[in-house]
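S.K.: Below are the sequence and a predicted model; questions follow.
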Amino acid sequence: MGVLGFLTLEVNGPMLTVALSVVLLALLKWYSTSAFSRLEKLGIRHPKPCPFIGNLTFFRQGFWESQMELRKLYGPLCGYYLGRRMFIVISKPDMIKQVLVENFSNFTNRMASGLESKPVADSVLFLRDKRWEEVRSVLTSAFSPEKLHEMIPLINQACDLLLTHLKHDAECGDAVDIQRCYSCYSTDVVASVAFSTQVDSRKAPEDPFVKYCRRFFAFGIPRPLLVLILSFPSIMVPLARILPNKNRDELNGFFNKLIRNVIALRDQQAAEERRRDFLQMVLDARQSTPSVGVESFDIVRQVFSSSECSANPSQQGRPRPLSKPLTVDEIVGQAFLFLIAGYEIITNTLSFATYLLATNPDCQEKLLTEVDRFNEKYATPELCSLQEGLPYLDMVIAETLRMYPPAFRFTTEAQRRRRPFTYLPFGAGPRSCLGVRLGLLEVKLTLLHVFRKFRFEVCPETQVSPLQVPLQLESKSALGPKNGVYIKIVSR
């Protein structure tokens, strides 16, 4: 007993605290860098990561500009870490083709953070594997030419409201923030086509749908919380999911209730009484969908280039049953995705196109001539005539997307100054955007209606210089004009 007592060390409180602190610091040090060896093992060059947050500080000047800097410093095949998650950047055309086309079936799943809540979690952005393919097939058939033809009247109704407001602005004679006008218009279109709700966002800004849309796009994750989520995802992600979030719950509850009420009403109506909108197209395909394989999901190259202009149903194959019918949550998720993808992209494309035409009057005159010629030939715009009758408008839209692409800013400001208004054929960008057919149709139809009635002129409030420097953007990571797009509207 004496020997054992001699060997026993008396452990007091301070010693235990110091020992545990050393162990904790050692574990934190190991944890802070343990995830940052994978790129090096693969032989992929990358910036040196910081403990816990990886290369987050590399993107402090803006995500897209930093992507270009990353490629410049580390080559066309490189990588980086955001928190503990590894990312590989590919800018070799041949490799991009392999990923997006030749081996696309191996890359169908998108990255999920774990923070996605319903209804977004049930959209095709985050559905996975076989279920993603089935729901994607439903949506691909919903955006077929014959289905788009049925939605043109709904877009025309929203255009009529837009033209009414623009007429009032033209009569006032003051400079107008055309981006705000198009923002209200895009809300009206999304409400009508995706949520089966008629609103006039500009006249009724307090409408519940308009208010909840504004709240949705104003929502963001505080930066300190984002850093914690990136650094400790296994702890913070489950914690963020279970903690109460009143704003998130109210937003999800409003749109869920709206869609569910519309679905219940449609199920009680006869087929000929149902509104022919995007929601109805999805409801029609709840049980089965035409045979559309992954190889048919590349739809951008078909936009406005099909030789078959008729609105007759396309031959997509016999309908096949889904493994399980689309759930209400999945239907709500697709409508919610329509809001996310359609609102800002359509608003910015229309705003930038109008700005470019106002600051390039010779191009605007050429477009006005084409619009007048189109109006003489076609009394009512239909899908076929829109595909074939407005080639210069196609060029205007393509050039707008080149200078202000909705997803990536591939060109620098200096490149834009050297090529202020040149035509880049459509099809040079990504080809996997769902709904691109409807988006381009909406932009094209809107500009046709607008330039039938109005022209746009530069005013003192317009941000323009003799060098045609593009609009000052809101930030290097957000594609949006900093101070709006102010121009003068003139009735024709």
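M.R.: Nice, thanks for sending it over.
S.K.: for residue 45, phi and psi?
M.R.: Reported as degrees, to the nearest 10, the phi and psi values for residue 45 are phi -70, psi 150.
S.K.: do you know how far the spatially closest residue to it that is not a sequence neighbour is from residue 216?
M.R.: If you skip the residues right next to it in sequence, residue 45 has residue 74 as its closest partner in space, 4.2 Å away by Cβ to Cβ, 6 or more residues apart in numbering. For the C-beta atoms, the positions are set from N, CA and C on the backbone; glycine is no exception. Residue 74 sits at a distance of 36 Å from residue 216 (criterion: Cβ to Cβ, to the nearest Å).
S.K.: Residue 19 too?
M.R.: Applying Cβ to Cβ, the value for residue 19 to residue 216 is 50 Å.
S.K.: tell me the pLDDT at the residue nearest to residue 45?
M.R.: The score at residue 74 is 92. That number is its pLDDT.
S.K.: sec struct for the residue lying closest to residue 131 once chain neighbours are set aside, please.
M.R.: Leaving aside its chain neighbours, residue 131 sits nearest to residue 323 (7.5 Å; criterion: Cβ to Cβ, 6+ apart). Residue 323 falls in the coil class when you classify it by DSSP: H, G, I helix; E, B strand; the rest coil.
S.K.: dump the residue contacts of residue 323.
M.R.: 130, 131, 134 (Cβ atoms under 8 Å, 6 or more residues apart in numbering).
S.K.: List the contacts of the first one.
M.R.: For residue 130, the contact set (Cβ under 8 Å, 6+ apart) comprises residue 323.
S.K.: Model confidence at it, what's the number?
M.R.: Predicted confidence (pLDDT) for residue 130: 83.
S.K.: how much space between it and residue 325?
M.R.: 15 Å.
S.K.: cool, and the second one?
M.R.: Residue 131 sits 12 Å away from residue 325, taking Cβ to Cβ as the criterion.
S.K.: which of residue 19 and residue 216 has more neighbours?
M.R.: Legend: neighbour count by other Cβ atoms under 10 Å for residue 19 and residue 216, higher for residue 216 (18 against 11).
S.K.: Outside of the helix or strand hosting that one itself, which residues are in contact with it?
M.R.: Using DSSP states H and E, the secondary-structure element containing residue 216 is helix 208-218. For helix 208-218, the surrounding residues in contact (Cβ under 8 Å, 6+ apart) are 187, 190-191, 195, 197, 199, 201, 204-205, 247, 250-251, 254-255, 258, 339, 343-344.
S.K.: Now that we have those, which of them are buried?
M.R.: Applying a neighbour-count criterion of 16 or more other Cβ atoms under 10 Å, the buried members of these are 187, 190-191, 195, 197, 199, 201, 251, 254-255, 258, 339, 343-344.
S.K.: State the three-state secondary structure for residue 14.
M.R.: Three states are possible here, and by three-state DSSP the one that applies to residue 14 is helix.
S.K.: returning to that earlier point: now render the buried ones among the contacts of helix 208-218 as TSV, adding pLDDT.
M.R.: Conversion of these to TSV gives the following (pLDDT from 0 to 100):
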residue	pLDDT
187	90
190	88
191	88
195	84
197	87
199	90
201	90
251	83
254	88
255	85
258	88
339	77
343	76
344	79
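S.K.: how does this protein divide up, domain by domain?
M.R.: Described in terms of automatic domain parsing, the domain architecture of the chain consists of the residue ranges 29-106, 120-491.
S.K.: Of those domains, which stretch is the most buried?
M.R.: For the domains of the chain, average neighbour numbers computed from mean count of other Cβ atoms under 10 Å are highest in domain 120-491, which has a mean of 17.
S.K.: Can you get me the start-to-end distance on that domain?
M.R.: When the termini of domain 120-491 are compared using Cα to Cα, to the nearest Å, they are 42 Å apart.
S.K.: can you check stretch 172-184 too?
M.R.: Between the opening and closing residues of stretch 172-184 we find a distance of 19 Å, counting by Cα to Cα.
S.K.: Could you number the chain from 699 rather than 1 from now on?
M.R.: Sure, I'll start numbering at 699, so the last one becomes stretch 870-882.
S.K.: List of residues touching it?
M.R.: Contact with stretch 870-882 is made by 860, 863-864, 867, 898-900, 1041, 1044-1046, 1048-1049, 1052-1053, 1154, 1157-1160, 1179, 1182-1187, as judged by Cβ under 8 Å, 6+ apart.
S.K.: State the distance spanning the first to the last residue of stretch 925-937.
M.R.: End-to-end distance for stretch 925-937, by Cα to Cα: 14 Å.
S.K.: Within the helices and strands, which one has the residue minimising distance to the centre of the chain?
M.R.: Among the residues of the chain, the smallest C-alpha distance to the mean C-alpha position (Cα atoms, centre = their mean) belongs to residue 1039, namely 3.5 Å. Counting by DSSP H and E, the element that carries residue 1039 is helix 1026-1056.
S.K.: following that helix, which helix or strand comes up?
M.R.: Going C-terminal from helix 1026-1056, and assigning secondary structure by DSSP H and E, you next hit helix 1059-1075.
S.K.: Against which helices or strands is that next one packed?
M.R.: In terms of contacts (3 or more Cβ pairs under 8 Å, 6 or more residues apart in numbering; DSSP states H and E), helix 1059-1075 is packed against helix 1026-1056, helix 1089-1101, helix 1134-1151, strand 1152-1155.
S.K.: Let's see that with 6 Å instead.
M.R.: Counting contacts by 3 or more Cβ pairs under 6 Å, 6 or more residues apart in numbering; DSSP states H and E, helix 1059-1075 is packed against helix 1134-1151.
S.K.: Contacts for the helix it packs on, please.
M.R.: The list of residues contacting helix 1134-1151 from outside it, by Cβ atoms under 6 Å, 6 or more residues apart in numbering, reads 841, 846, 853, 857, 861, 998, 1001, 1044, 1047, 1066, 1069, 1084, 1095.
S.K.: For the stretch 799-948 of the chain, which residues score under the pLDDT cut-off?
M.R.: With pLDDT under 70 as the threshold, the stretch 799-948 of the chain has low-confidence stretches at 917-918.
S.K.: so where do the helices sit in it?
M.R.: Listed in chain order, the helices of the stretch 799-948 of the chain (DSSP state H, counting those that start in this stretch) span residues 827-840, 843-870, 876-891, 906-916, 921-929, 931-940, 944-966.
S.K.: Including distance to residue 776, could those helices go into a markdown table?
M.R.: Formatted as a markdown table, the entries for these read as follows, by distance: least, Cβ to Cβ, whole Å:
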| stretch | distance to residue 776 |
| --- | --- |
| helix 827-840 | 28 |
| helix 843-870 | 39 |
| helix 876-891 | 35 |
| helix 906-916 | 32 |
| helix 921-929 | 20 |
| helix 931-940 | 23 |
| helix 944-966 | 35 |
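S.K.: quick one: which of those is nearest residue 746?
M.R.: Checking the helices of the stretch 799-948 of the chain against residue 746 by Cβ to Cβ gives helix 921-929 as the closest, at 16.7 Å.
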